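> Fold the following and give me the result.
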Amino acid sequence: MWRCDGRALYPCPYGVRLCGKAHATPRLRDVLFDDMVRQTAVGTAEEADEGLPDVVGW
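This next block holds a predicted model:
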């Protein structure tokens, strides 16, 4: 969290120079981790569908 004021290290995400509000900027490692988790979840779901036999009556 950082406050959008004269000491801010980042530009305001709303395009205003100094809005005075608190903002949360995600770090690159957080974005990359989220992408990795999503890709793993997609791969796991595809693998789970491939190897299971069709069982009727369960």
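> now do the same end-to-end measure for stretch 16-27.
21 Å (C-alpha to C-alpha, to the nearest Å).
> Low-confidence ranges, the chain, go.
For the chain, the stretches flagged by pLDDT under 70 are 43-58.
> got the end-to-end distance for stretch 18-26?
Per C-alpha to C-alpha, stretch 18-26 runs 19 Å from first to last residue.
> Please, where are all the helices along this protein?
Along the chain, the segments classed as helices by DSSP state H run 28-51.
> Tell me how many other residues surround C4.
By the criterion of other C-beta atoms under 10 Å, C4 has 19 neighbours. To be clear about C-beta, it is placed using only N, CA and C from the backbone, and glycine gets the same treatment.
> quick one: it from Y14, how far?
Note on C4: its distance to Y14, by C-beta to C-beta, to the nearest Å, is 8 Å.
> residues touching W2, list them.
Applying C-beta atoms under 8 Å, 6 or more residues apart in numbering, one finds that W2 lies in contact with A8, L9, Y10, A22, H23, A24, T25.
> go again using 7 Å as the cut-off
If you count contacts by C-beta atoms under 7 Å, 6 or more residues apart in numbering, W2 has them with A8, Y10, H23, T25.
> and of those, the nearest to M36?
T25 (19.7 Å; C-beta to C-beta).
> measure the closest one to R17 for me?
16 Å.
> go on, D34?
30 Å.
> next one: D5
Applying C-beta to C-beta to D5 and R17 gives a distance of 10 Å.
> Report how many residues lie close to the nearest residue to Y10 once chain neighbours are set aside.
Leaving aside its sequence neighbours, Y10 sits nearest to T25 (C-beta to C-beta, 6 or more residues apart in numbering; 5.7 Å). Neighbour count for T25, taken as other C-beta under 10 Å: 11.
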